[in-house]
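Asker: Got a sequence here, can you build the structure:
(chains A and B)
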Number of protein chains: 2
Amino acid sequence: MKIICSKESLMKGMNIVLRAVPSRTTMDILKCVLLQAEDDRLRLTANDTSLGIETNIPAMISEPGSAAIEASLFSSIVRKLPDSDIVLETDENETMKISCDNVRFSIAGRGTDDFVYLPSIDVSSSIMISQYTLREMIGQVIFSISDSELNAAMSGVYMEILGDKMRMTTLDGHRISVRVSPLREEYQPVSAIIPGKAMNDISRIITGNHDDDMKISFSSNHIMFEFDETRVVLRLIDGEYFNVSSMLREENETHFRISNRILLDCLDRSTLLINENDKKPVIMTITDEVMNLKLRSAIGTMDENIPVEKEGKDIKIAFNPKLLMDALRAIDDETIDVYMVKYNYPCTIRNDEGTYSYVVLPVNFTEE
Amino acid sequence: MKIICSKESLMKGMNIVLRAVPSRTTMDILKCVLLQAEDDRLRLTANDTSLGIETNIPAMISEPGSAAIEASLFSSIVRKLPDSDIVLETDENETMKISCDNVRFSIAGRGTDDFVYLPSIDVSSSIMISQYTLREMIGQVIFSISDSELNAAMSGVYMEILGDKMRMTTLDGHRISVRVSPLREEYQPVSAIIPGKAMNDISRIITGNHDDDMKISFSSNHIMFEFDETRVVLRLIDGEYFNVSSMLREENETHFRISNRILLDCLDRSTLLINENDKKPVIMTITDEVMNLKLRSAIGTMDENIPVEKEGKDIKIAFNPKLLMDALRAIDDETIDVYMVKYNYPCTIRNDEGTYSYVVLPVNFTEE
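Answerer: Model (predicted):
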């Protein structure tokens, strides 16, 4: 193999596929990026067996061929080369020579035989979505996946295509996050549980621009994301997702509107009094025009009043402030609507348009 | 004690004195900031017994008095309060109430009796210097102090007032860094070995502006920095400093000029091939117009040619690239002058104006 490409495109391509290189693994070949040179392009592929990414960059191919090379070392070297054209050349010993201006590196490559190629998947349906929408939605639900290994589905993002809408759901046993976004066309219903970590990786390698579209394709065991010159294939989490709709209750006894920013700042301050060994909740007392928040721990006490517009019954209820904060941060609205039933029932933050619902379980508290 | 001050000034003051709050200590009182309220100002003091800082902020004093409070918790709370006026009030139980708009915190304070006040020092001489110059000089020598505890002087910055010049020197057994800067007046000679960590702290709390002056005062055991509303007192390191001038040799066999940026980039690339267990040096071969740099390790090889303007003998010499890089980064000049004697003699990077000298020891290497 012998090729010439620009440092800029090689770096851009490596930054994409590096997401599929595991930081720790006992299988050396998984630490490698596969380079395949033919037809005026260099294809870069990395695959940690649950997440596989390939991307193409423009290159002048003097000698087609392929090579596998340790991805992290290779990309560190490329990053520190001068901003110029780079020549990559492998010999029969699988040594790779990297030349750029007056700089010459030479590092050991690997055979490509044991490289795990991307699976070919049997696509049953596909949709188109803007990269902006996908990235937004991921960011708005990803925080409430669980890292527990007891229930694999909890570590995933549940993606549903429902006609002309996409819905994403995550839950971790203490809370549920649901986001709905319109699609530009009507599609066949399909759903998938996608590993949360890989969803995070996807949202980091897409541009996130309104005008950049991507294609999402489903098969029984995989999901594929295609955008620009890149293709990402993920193995899905097996099994059924939870029946969340039964947990998204509509009825309520108390409804109030409150400033997102003011409530968030208050909850943020209250966390200063919480330490790991003494997880005291924040106690909210909501009356017609005022929400009072109190937190009392071994470190000290906090007491604050925030204006609200309330309908329905007064209520006293307690929460782990960090769970509420995650939800508030995921909502762009300046004013939010909060619905409660009783001190021991989940509370829901949702909007009338039905584009989001955040459900948070309260915690027990002792009256003082 | 009862006072009112702005969040902004309290935060600014706390950020200064926090530098003297040790992150780990068995003495609880050292984690505290002392607040002293009188005469329209609140004085904040922290003292870890080797570094003491006090600063004054404007405040309305309703009730003079003093209080000690855990510095890190107190400043976290202040940081998260609304941008408004803050009321601080202590009662007979040493509880501190912190109020700001609708927010009320209450945390436990401490008695002030066992607080370690700043030592009063017997000033023998003082100088004036711009905060810019002091910060610049610290940054240009601080990297070559040693964290070894075998020799306390090596962990310090040697500051000398030499008439109308200030000189700072650091060394760690592998290299020496010397910086000289003019003073605006002629002063009595005086010198001091100042703990390196504290010098770093000083450079972070000063503004670093050209137009902001500071006063440095010397006593036999302490040095004091006074600027704006702040006073910093440091205990000096005892003993004599090394006789560095004998190590700054003027004679040389090889002298060359080279681009600082190009050499730095090349050395930076070479470090990619070094791992902790296999510290291979970079080998330089300098001939009339070219410096060749080679590094060969178990990871791979690097080979690069850089243009130089050389006078004197050709030379082959090897270095730990990181030591050279620290020196190059501390030099603003685009082109540097490097002086060498033999492969096993220290190399010196210095300018004709005599404002800097960086001496780096070479390492052994095996010819291939």
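Asker: What helices and strands are in contact with the helix or strand of chain A with the lowest mean pLDDT?
Answerer: Across the helices and strands of chain A, the lowest-confidence element by mean pLDDT, DSSP states H and E is helix A:196-205, at a mean of 94. Judged by 3 or more C-beta pairs under 8 Å, 6 or more residues apart in numbering or on different chains; DSSP states H and E, helix A:196-205 is in contact with strand A:51-58, helix A:131-141, strand A:156-162, strand A:230-235. For the C-beta atoms, the positions are set from N, CA and C on the backbone; glycine is no exception.
Asker: Can you add distance to B:Lys322, mean pLDDT and mean neighbour count and give the ones you listed back as TSV?
Answerer: Converted to TSV, these look like this (distance: least, C-beta to C-beta, whole Å; pLDDT from 0 to 100; neighbours: other C-beta atoms under 10 Å in any protein chain shown):
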stretch	distance to B:Lys322	mean pLDDT	mean neighbour count
strand A:51-58	32	96	21
helix A:131-141	39	97	20
strand A:156-162	43	97	21
strand A:230-235	36	96	21
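Asker: nearest to chain B, of those?
Answerer: Closest approach to chain B among the helices and strands packed on helix A:196-205 (C-beta to the nearest C-beta): strand A:51-58, 21.5 Å.
Asker: just the CA coordinates of the helix or strand harbouring A:Val78, formatted as CSV?
Answerer: Per DSSP states H and E, A:Val78 falls inside helix A:71-80. Only the C-alpha atoms of helix A:71-80 are listed here, as CSV (Å, rounded to 0.1, in the frame of the first residue of the first chain):
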residue,chain,number,x,y,z
ALA,A,71,-5.0,3.5,16.1
SER,A,72,-4.1,5.7,19.1
LEU,A,73,-0.3,5.8,18.3
PHE,A,74,-1.1,6.4,14.6
SER,A,75,-3.5,9.3,15.3
SER,A,76,-1.1,10.9,17.8
ILE,A,77,1.7,10.9,15.2
VAL,A,78,-0.6,12.3,12.5
ARG,A,79,-1.9,15.0,14.8
LYS,A,80,1.7,16.2,15.5
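Asker: what about that helix, average pLDDT?
Answerer: For helix A:71-80, the mean per-residue pLDDT is 97.
Asker: circling back: which one of the helices and strands packed on helix A:196-205 lies nearest to A:Thr366?
Answerer: helix A:131-141 (32.9 Å; C-beta to C-beta).
Asker: Show me how far the closest one is from its chain's centre.
Answerer: Its chain's C-alpha centre and that of helix A:131-141 lie 8 Å apart, by C-alpha atoms, centre = their mean, to the nearest Å.
Asker: what's in contact with that helix?
Answerer: Applying C-beta atoms under 8 Å, 6 or more residues apart in numbering or on different chains, the contact partners of helix A:131-141 are A:157, A:166, A:168-170, A:177-179, A:181, A:199-200, A:202-203, A:206-210, A:212-214, A:216, A:227, A:330-331, A:356.
Asker: tell me the angle that helix makes with helix A:196-205.
Answerer: If you take axes from the mean of the first three to the mean of the last three C-alpha atoms, to 10 degrees, helix A:131-141 sits at 140 degrees to helix A:196-205.
Asker: Alpha carbons of helix A:131-141, as PDB, please.
Answerer: Coordinates of each C-alpha in helix A:131-141 appear next as PDB, following Å, rounded to 0.1, in the frame of the first residue of the first chain:
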ATOM      1  CA  GLN A 131     -28.100  15.400  12.500                       C
ATOM      2  CA  TYR A 132     -29.200  18.300  14.600                       C
ATOM      3  CA  THR A 133     -32.400  16.600  15.800                       C
ATOM      4  CA  LEU A 134     -30.600  13.300  16.500                       C
ATOM      5  CA  ARG A 135     -27.900  15.000  18.600                       C
ATOM      6  CA  GLU A 136     -30.400  17.100  20.500                       C
ATOM      7  CA  MET A 137     -32.600  14.100  21.400                       C
ATOM      8  CA  ILE A 138     -29.700  12.000  22.500                       C
ATOM      9  CA  GLY A 139     -28.500  14.800  24.800                       C
ATOM     10  CA  GLN A 140     -32.000  15.200  26.200                       C
ATOM     11  CA  VAL A 141     -32.400  11.600  27.400                       C
END
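Asker: just to revisit the earlier point, just the contacts of helix A:131-141: which are in helices?
Answerer: If you go by DSSP state H, these have A:199-200, A:202-203 in helices.
Asker: Spell out which residues of the stretch 1-150 of chain A are next to chain B.
Answerer: Applying C-beta under 8 Å from any C-beta of the partner chain, we find that the stretch 1-150 of chain A lies next to chain B at A:73, A:76-77, A:80-82, A:102-108.
Asker: Let me see the contact set for the residue of the stretch 201-350 of chain A at minimum distance from chain B.
Answerer: Residue nearest to chain B within the stretch 201-350 of chain A (C-beta to the nearest C-beta): A:Gly300, separated by 3.5 Å. A:Gly300 makes contact with A:273, B:73, B:105-108, according to C-beta under 8 Å, 6+ apart.
Asker: Could you do A:Arg269 as well?
Answerer: Counted by C-beta under 8 Å, 6+ apart, A:Arg269 has contacts A:302, A:304, B:77, B:80-81, B:103, B:105.
Asker: repeat that with 7 Å
Answerer: A:302, B:80, B:103 (C-beta atoms under 7 Å, 6 or more residues apart in numbering or on different chains).
Asker: Quick one: those residues as a markdown table, columns for distance to A:Ile3 and neighbour count too.
Answerer: Listed next are the contacts of A:Arg269 as a markdown table, based on distance: C-beta to C-beta, whole Å; neighbours: other C-beta atoms under 10 Å in any protein chain shown:
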| residue | distance to A:Ile3 | neighbour count |
| --- | --- | --- |
| A:Met302 | 62 | 24 |
| B:Lys80 | 54 | 18 |
| B:Val103 | 62 | 23 |
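Asker: If we only consider those residues, which is nearest to B:Ser144?
Answerer: Once C-beta to C-beta is applied, the member of these that ends up nearest B:Ser144 is B:Lys80, at 39.2 Å.
Asker: Pull up the gap between the closest one and chain A, please.
Answerer: Note on B:Lys80: its distance to chain A, by C-beta to the nearest C-beta, to the nearest Å, is 5 Å.
Asker: Could you double-check that that residue sits in contact with A:Leu267?
Answerer: No - between B:Lys80 and A:Leu267 there is no contact under C-beta atoms under 7 Å: 10.4 Å.
Asker: I figured A:Glu304 hits B:Phe105, correct?
Answerer: No - the pair A:Glu304 / B:Phe105 is not scored as a contact, 9.0 Å apart, by C-beta under 7 Å.
Asker: what about the two, which has more around it?
Answerer: Applying other C-beta atoms under 10 Å in any protein chain shown to A:Glu304 and B:Phe105 shows that B:Phe105 carries more neighbours, namely 26 against 23.
Asker: partners of the helix or strand hosting A:Val338 in the sheet?
Answerer: Under the criterion of DSSP H and E, A:Val338 resides in strand A:335-340. Applying DSSP bridges to the sheet, strand A:335-340 is found paired with strand A:254-259 (antiparallel), strand A:347-350 (antiparallel).
Asker: which one of those is the most hemmed in?
Answerer: Burial of those is given as mean neighbour count (mean count of other C-beta atoms under 10 Å in any protein chain shown); strand A:347-350 ranks first at a mean of 22.
Asker: circling back to that earlier point, could I get the ones in helices among the contacts of helix A:131-141 in TSV, plus columns for neighbour count and distance to A:Pro22?
Answerer: As requested, the ones in helices among the contacts of helix A:131-141 are exported to TSV (neighbours: other C-beta atoms under 10 Å in any protein chain shown; distance: C-beta to C-beta, whole Å):
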residue	neighbour count	distance to A:Pro22
A:Met199	26	17
A:Asn200	15	14
A:Ile202	25	16
A:Ser203	17	19
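Asker: how about the helix or strand A:Cys266 falls within: buried residues?
Answerer: Of the helices and strands defined by DSSP H and E, A:Cys266 is found in helix A:260-270. Neighbour-count burial for helix A:260-270 flags A:260, A:262-267, A:269-270 (criterion: 16 or more other C-beta atoms under 10 Å in any protein chain shown).
Asker: ok, now stretch A:187-197?
Answerer: A:187, A:190, A:192-197.
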